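Undergrad: Output the structure for:
(chains A and B)
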2 protein chains.
Amino acid sequence: GGVTSVINRSLLGIIKETKKELSNSRIYASDHGIEGLIKGKTPDITDISEDQLHSLKISPGAALGSSRHKIKLSEIPQISDNLNRHKIKTIYMIGGNDSAETGLLLNDHLDIQIIHIPKTIDNDLEETDHCPGYGSTARFISQASLGSGKDAWSMGDSSPITIIEVMGRDTGWLALASTLYKKDDFDPPHFIGIPEQSFDEDFFLFKIEESYRKFGYAVAVIAENIKTNNMPIGDTAKPWFTDDFGHEYYNSPSKYLSKQVSKRLNIRCRHESPGTIQRSLIDSVSTTDGNEAELVGKSAVTESLKGSSNIMITLIRESNDPYSVTTSTTSLDKIAGKVRKLPRDFYPSEDFLPSAKFIKYLNPLIGTPIDRINRLL
Amino acid sequence: GGVTSVINRSLLGIIKETKKELSNSRIYASDHGIEGLIKGKTPDITDISEDQLHSLKISPGAALGSSRHKIKLSEIPQISDNLNRHKIKTIYMIGGNDSAETGLLLNDHLDIQIIHIPKTIDNDLEETDHCPGYGSTARFISQASLGSGKDAWSMGDSSPITIIEVMGRDTGWLALASTLYKKDDFDPPHFIGIPEQSFDEDFFLFKIEESYRKFGYAVAVIAENIKTNNMPIGDTAKPWFTDDFGHEYYNSPSKYLSKQVSKRLNIRCRHESPGTIQRSLIDSVSTTDGNEAELVGKSAVTESLKGSSNIMITLIRESNDPYSVTTSTTSLDKIAGKVRKLPRDFYPSEDFLPSAKFIKYLNPLIGTPIDRINRLL
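TA: Sure thing, here's the model as predicted:
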């Protein structure tokens, strides 16, 4: 699935722990996820250099490539052949709820140990306190909201309103990270659109106008998949491109909404889509997130040694002050195809002030926070 | 004009140096640039707290607000009254080539000392080696290009191509920063569009396809104002909004181009617009850039004490190894309304490999570089 800026830390954790605990084993990479196992592209990476290990520590994206391929039963014999050729006994999968489905299917048809390692910026996996990958993107978005707010306020009537469109699939975990530094009405964001709630265009326009009239600027943060009555909003209703698989691609909701704001207030309204930058900017990697990504990789090897299969490693928050986590496991069928939506008590207030509970949850995940900024005017 | 993540460091430099060298002077802020002087919104900020001084050190945007207002002669008497009321003798302006014009006009009509401090992410001011603000945004863009490349390669055929649209007004200084980590053909970006060159859509599509066929992915970085024969490209040719001042707003070229790529290759092509995030993300502030922004603020006070007027502070690169700069001055009329385009010998090669000369120029400006990343596959 989608990549993160710390997936490679999980791979690093697997390699380091395997070399330590299973010094006679070989480690094979599957090039582009399950596709490598189907095509027989499984290079031996046991002896990669120190330089490459260090690269895994700092590199965004997936050093082994990613895949959105859904395996077909007809591909099982090829996978089986490739596993047997190298005497592979354990498959470590780093992924989300789609990968978990692949893991279950492999286990149903092959004599193989499946250990799943959570990975998603969307933070939408069940059974774990949070997902490696989320903290770093959340860090980026919290600063994007704060910084774009400072920018929009500064620009005044020449460019006072900004809409930031963020990722998150069908959940608002990432959009809500934009509230991390919001202490009062003045601070950004002034509107947050999450997929868990039906989007109300009139309310959106009302809140933006209210903030603009009161403070001279406004910032809205919307998740990419906000919908009104389960339909894409505005002129995003028709796909602009349909690929070979029948997947449809829609116009960005932020562009449509910025037009509506400009029409209503007769001012410039920017719309910004950081896209894959939000999940790959090295400067915004959360140290906590990076360390935990490596931790779940190591734990996966520990679980493999215990003989576990069909499990996913989970993160358990032991305490908030000081923040500490341990790892545990859950069975794959509790993850596969399931989506963890935002809990009700994490929703922001009607004025989009963050819930204290959510901020307490988010704070330790983003790594070193920035200092509090006091306004001069 | 547009803000940066280090303008406030220049203000901090002015305040610190004034308190040190002119302890009997008062410091007034002009709220939203020249607009504050016209409207009489000029609060005394001499005694701001240590907390607020620290906030200036870390806060993006403009703590005093910015302005795109062009002064009219009819506003001169109001400005004069407000200057006289507080016995203001010196105006420090932090801005680009438009602000320099304002400075010249003020000096023509008032008995006032004008000291201009360079500020622009576009890096388009004459007479200075580079402009405070540029290094931090260049840092962001260099990592955005690298990270989005890692992401696009990882995603393979589910999302192999990304177009990133960056700022820079009528110059390609920022777009070119995307080449900082490009060592060979494989590395991103695979196409760069700069306003100094007429955009050729066929060549763009050819280069993207070439990279996609060869490496399985492609990244293009285009400046917001690329044009073909001086006309906005594709369906950006008609403005989608015209404001009260007659300023026209166009569709983003990246969106049009991503459609063309998708049509040609029948694959998904993302387009990303980091917008104001590129000039305000705290994590990407270059330490060099921040320090130099403070330095030019301090130098402005030193020049003021010498009695200079109608000047801009400039940065002079003394050496590259080790990197060191000093400040100097230039007359405002050499800056006002002028645009410093990319020198020919900074242009990338036909294959968009960066010129060694440009990389040598850029390297020290972005602060601590990231470690070299080695590919695993």
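Undergrad: and the stretch 1-150 of chain A, which residues reach chain B?
TA: Residues of the stretch 1-150 of chain A lying close to chain B (Cβ under 8 Å from any Cβ of the partner chain) are A:2-3, A:5, A:29, A:31-32, A:35, A:43, A:45, A:48-49, A:51-52, A:54-56, A:58-68, A:139-140, A:143-144, A:146-150. Where you see a C-beta, it was placed from the backbone N, CA and C, and this is true even at glycine.
Undergrad: From the residues you listed, list just the buried residues.
TA: Buried members of the residues of the stretch 1-150 of chain A next to chain B, counted by 16 or more other Cβ atoms under 10 Å in any protein chain shown: A:2-3, A:5, A:29, A:31-32, A:35, A:45, A:48, A:52, A:55-56, A:58-68, A:139-140, A:143-144, A:146-150.
Undergrad: Can you pull the phi/psi pair for A:Arg317?
TA: Dihedral angles of A:Arg317 (phi, psi; degrees, to the nearest 10) stand at phi -80, psi 120.
Undergrad: try A:Thr327
TA: phi -110, psi 150.
Undergrad: what's around the nearest residue to it once chain neighbours are set aside, how many residues?
TA: Spatial nearest neighbour of A:Thr327, excluding adjacent residues (Cβ to Cβ, 6 or more residues apart in numbering or on different chains): A:Ser299 at 4.1 Å. Look at A:Ser299: counted by other Cβ atoms under 10 Å in any protein chain shown, it has 23 neighbours.
Undergrad: And A:Ser299, how far from A:Ile14?
TA: Distance from A:Ser299 to A:Ile14, counting by Cβ to Cβ, to the nearest Å: 10 Å.
Undergrad: now swap in A:Thr128 and tell me
TA: Distance of A:Thr128 to A:Ile14, given as Cβ to Cβ: 18 Å.
Undergrad: How about the most centrally placed residue in chain A, nearest residue that isn't a chain neighbour?
TA: What sits nearest the mean C-alpha location of chain A, by Cα atoms, centre = their mean, is A:Ile121, with 0.8 Å. In space, and not counting its chain neighbours, A:Ile121 is closest to A:Thr137: 4.1 Å by Cβ to Cβ, 6+ apart.
Undergrad: and the one you found, how many residues sit next to it?
TA: 33.
Undergrad: Do I have it right that it meets A:Met167?
TA: Yes: with contacts counted by Cβ atoms under 8 Å, A:Thr137 reaches A:Met167, the gap being 7.2 Å.
Undergrad: any shared contact partners between these two?
TA: A:121, A:174, A:278-279 (Cβ atoms under 8 Å, 6 or more residues apart in numbering or on different chains).
Undergrad: Pull the most distant pair out of these.
TA: Spatially, the most separated pair among these is A:Leu174 and A:Arg279, at 9.5 Å (Cβ to Cβ).
Undergrad: okay, and the common contacts of those two?
TA: Counting by Cβ under 8 Å, 6+ apart, the contacts common to A:Leu174 and A:Arg279 are A:121, A:137, A:167.
Undergrad: Switch these over to JSON lines; also include pLDDT.
TA: Shown next, in JSON lines, are these (pLDDT from 0 to 100):
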{"residue": "A:Ile121", "pLDDT": "98"}
{"residue": "A:Thr137", "pLDDT": "98"}
{"residue": "A:Met167", "pLDDT": "96"}
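Undergrad: In helices, which of these appear?
TA: Under the assignment DSSP state H, the shared contacts of A:Leu174 and A:Arg279 contribute A:Thr137 to helices.
Undergrad: quick one: which of the shared contacts of A:Leu174 and A:Arg279 is nearest to A:Lys263?
TA: Among these, and counting by Cβ to Cβ, the member closest to A:Lys263 is A:Met167, at 27.1 Å.
Undergrad: what's near enough to touch the closest one?
TA: Applying Cβ under 8 Å, 6+ apart to A:Met167 gives the contacts A:2, A:121-122, A:137, A:174, A:223-224, A:275, A:278-279.
Undergrad: Okay, and which of these map to helices?
TA: Using DSSP H, the contacts of A:Met167 in helices are A:137, A:174.
Undergrad: Closest one to chain B out of the contacts of A:Met167, please.
TA: A:Gly275 (3.5 Å; Cβ to the nearest Cβ).
Undergrad: Please name the nearest non-neighbouring residue to that closest one.
TA: Leaving aside its sequence neighbours, A:Gly275 sits nearest to B:Glu272 (Cβ to Cβ, 6+ apart; 3.5 Å).
Undergrad: Could you do A:Thr179 as well?
TA: A:Pro354 (3.6 Å).
Undergrad: and the one you found, which of the three is it?
TA: Applying DSSP: H, G, I helix; E, B strand; the rest coil to A:Pro354 yields a three-state assignment of coil.
Undergrad: Tell me how far it lies from chain B.
TA: Remark: distance between A:Pro354 and chain B (Cβ to the nearest Cβ, to the nearest Å) = 19 Å.
Undergrad: That residue contacts A:Asp184, doesn't it?
TA: No: using Cβ under 8 Å, A:Pro354 makes no contact with A:Asp184, being 11.1 Å away.
Undergrad: Who has more neighbours out of the two?
TA: Between A:Pro354 and A:Asp184, counting by other Cβ under 10 Å, A:Pro354 is the more crowded of the two (23 against 7).
Undergrad: give me phi/psi at the more buried one?
TA: The phi/psi pair for A:Pro354 (degrees, to the nearest 10) is phi -70, psi 150.
Undergrad: got the contact list for the residue nearest to A:Ile121?
TA: A:4-5, A:121, A:167, A:174, A:177, A:278-279, A:284 are the contacts of A:Thr137 under Cβ under 8 Å, 6+ apart.
Undergrad: Go again with 10 Å.
TA: A:Thr137 sits next to A:4-6, A:120-123, A:166-168, A:173-174, A:177, A:274, A:277-281, A:284-286, A:289, A:366 when contact means Cβ atoms under 10 Å, 6 or more residues apart in numbering or on different chains.
Undergrad: And stretch A:350-357, what's buried?
TA: So stretch A:350-357, judged by 16+ other Cβ under 10 Å, has buried residues A:352, A:354-355.
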